[in-house]
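**Student:** I'll drop the sequence and a predicted model, then ask my questions.
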Amino acid sequence: MNSVIRQAAFRRNFSSNSIVNGFTGAVGNTPLIYLKGLSEKTGVHVYGKAEFQNPGGSVKDRAALGVVLDAEERGLLKAGGTVVEGTAGNTGIGLAHVCRARGYKCVIYMPNTQSQEKIDLLKMLGADVRPVPAVAYENPANYNHQARDYAKDLPNAIWTDQFDNTANANAHYTSTGPEIWEQTQGELDGFICATGTGGTLAGVGKYLKEKSRGKTQVWLADPPGSVLTSYISSGGKLTERSGSSITEGIGQGRITNNLGTFINDVSGAFTVSDDKSIRMLYELLDSEGLYMGASSALNVVAAVELGLKLGKGSKVATILCDGAYRYQSRLFSRQWLESKDLLNGIPSELQKYIVLD
Ligand SMILES: Cc1ncc(COP(=O)(O)O)c(C=O)c1O
């Protein structure tokens with residue numbers, strides 16, 4: 001092979017790089033990664049949507065952009081305005097980026113139990129961070145209510161309300177869903193992911209179900225401590241929340257408005273234990289070279305389980321929500337894993353990745 005042909009062949013391994021407009025133009029159009037090692041091992045074709053490649057580092061960049069664009073379109077947010085949200089995680093990071101890119105102030109309320117790392121990152125991104133006492137949702141001093149009340153009294157300000165503002169799910173209906181459909185050329189037997197706000201599952205699920213005329217089954221995956229699996233398998237009974245999980249950003253105690261737009265069309269649900277999620281997190285690193293957060297690992301466990309239910313050779317897609325970078329001091333710490341009783345579940349050949357004490 002001459003060197004020009006070799007170079008062209010080499011280049012085809014990289015995605016095309018057309019110019020996009022600023023931070024917001026770089027949100028979405030993420031690759032769909034075929035998880036080759038895992039697929040060969042399990043007999044299920046597993047695809048992970050590489051949402052960690054969004055410019056703010058997570059799937060929540062899409063929701064953040066979606067709620068801001070929606071507020072602009074509806075005339076609720078004008079030049080120089082303020083965007084307010086109650087969040088301790090990726091949504092705040094996405095919003096802080098979008099606000100810088102579009103010239104808005106960003107105010108984030110969060111429980112004062114969050115790590116200094118999270119507070120510092122949001123401040124570095126220009127957000128006004130307001131840690132408030134960590135009290136239950138029922139208490140008016142809860143960080144979500146404080147965010148809502150602050151925005152209500154401020155001119156040219158919005159509370160983005162990520163859980164119940166369906167512009168969140170709509171961002172996935174208009175971007176993530178169509179991208180997955182095109183990337184798989186409509187050949188997809190199943191889609192599954194866990195939910196926080198429910199925006200991703202509802203938006204992607206609705207699009208895939210409509211487009212495939214019901215052929216693509218859409219399932220929900222839950223971490224321990226979430227009530228959605230029992231809600232779906234009991235035909236709609238909400239139970240009290242109990243138990244907890246090491247995963248962040250997922251698990252829910254109620255049917256949010258976003259989830260409510262699709263929950264009746266979900267084909268089924270199951271819970272994935274932390275033990276299985278953490279093992280998959282290390283396996284993804286070892287066999288695929290992917291450094292993923294725990295919600296992504298849970299999603300991949302669920303995709304394999306769903307694929308096995310649908311039959312060998314089936315094709316199932318899920319979401320790789322974010323990377324492990326924001327959680328590495330815990331996920332790769334021997335002491336932390338031991339304290340969560342997860343260390344012994346990690347196969348000995350994978351324990352070489354546990355490099356922190
Ligand atoms: C790491 C991570 N995974 C998954 C999710 C869930 O996404 P959604 O809110 O669309 O249900 C979130 C939401 O914050 C998240 O931060």
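**Tutor:** Received, thanks.

**Student:** What is the neighbour count of whatever residue of the stretch 201-350 of the chain ends up closest to the ligand?
**Tutor:** The nearest approach of the stretch 201-350 of the chain to the ligand comes at Gly249, 2.5 Å away (C-beta to the nearest ligand atom). The way it works is simple: take the backbone N, C-alpha and C, and place the C-beta from them, glycine included. Number of residues near Gly249 (other C-beta atoms under 10 Å) recorded here: 23.

**Student:** Just the element for it, please.
**Tutor:** Mapping Gly249 onto the secondary structure by DSSP states H and E places it in no helix or strand at all.

**Student:** Pull the contacting residues for it.
**Tutor:** Lys60, Gly89, Asn90, Gly196, Ser295, Cys321, Asp322 (C-beta atoms under 8 Å, 6 or more residues apart in numbering).

**Student:** Checking my notes, the fourth one in a helix, right?
**Tutor:** No: the assignment for Gly196, made by DSSP: H, G, I helix; E, B strand; the rest coil, is coil rather than a helix.

**Student:** Need the phi and psi values for it.
**Tutor:** phi -110, psi -80 (degrees, to the nearest 10).

**Student:** follow-up on the earlier one: can you give me the distance of the residue of the stretch 201-350 of the chain closest to the ligand to Ile319?
**Tutor:** Taking C-beta to C-beta, to the nearest Å as the measure, Gly249 falls 11 Å from Ile319.

**Student:** and the closest residue to Lys41 other than its chain neighbours, helix, strand or coil?
**Tutor:** Residue nearest to Lys41 in three dimensions, not counting chain neighbours: Ser287, with 7.8 Å by C-beta to C-beta, 6 or more residues apart in numbering. When classified by three-state DSSP, Ser287 comes out as helix.

**Student:** follow-up on the earlier one: quick one: buried ones out of the contacts of Gly249?
**Tutor:** Lys60, Gly89, Asn90, Gly196, Ser295, Cys321, Asp322 (16 or more other C-beta atoms under 10 Å).

**Student:** Give me the subset of those residues that lies in strands.
**Tutor:** Among those, no residue falls in strands (DSSP state E).

**Student:** Take those and write them to CSV, including pLDDT and distance to the ligand.
**Tutor:** As requested, the buried ones among the contacts of Gly249 are exported to CSV (pLDDT from 0 to 100; distance: C-beta to the nearest ligand atom, whole Å):
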residue, pLDDT, distance to the ligand
Lys60, 97, 5
Gly89, 90, 5
Asn90, 95, 4
Gly196, 96, 3
Ser295, 97, 3
Cys321, 98, 3
Asp322, 97, 5
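
**Student:** where exactly do the helices run in the stretch 251-357 of the chain?
**Tutor:** Residue ranges of the helices in the stretch 251-357 of the chain, as given by DSSP state H, counting those that start in this stretch, are 257-260, 274-283, 294-310, 328-331, 334-339.

**Student:** what about the closest residue to Ser329 other than its chain neighbours, how many neighbours?
**Tutor:** Spatial nearest neighbour of Ser329, excluding adjacent residues (C-beta to C-beta, 6+ apart): Leu356 at 6.7 Å. Number of residues near Leu356 (other C-beta under 10 Å) recorded here: 13.

**Student:** quick one: contacts for Leu356?
**Tutor:** Leu356 touches Gln328, Ser329, Phe332, Ser333, Arg334, counting by C-beta under 8 Å, 6+ apart.

**Student:** do Leu65 as well
**Tutor:** Thr24, Val27, Gly94, Val98, Ala171.

**Student:** do that again at 7 Å, thanks
**Tutor:** Thr24, Val27, Val98, Ala171 (C-beta atoms under 7 Å, 6 or more residues apart in numbering).

**Student:** The first one: helix or strand, and which one exactly?
**Tutor:** Assessed by DSSP H and E, Thr24 sits inside helix 22-25.

**Student:** Run through the neighbouring helices and strands of the following helix or strand past that helix.
**Tutor:** Counting by DSSP H and E, the next helix or strand C-terminal to helix 22-25 is strand 32-34. Counting contacts by 3 or more C-beta pairs under 7 Å, 6 or more residues apart in numbering; DSSP states H and E, strand 32-34 is packed against strand 45-50.
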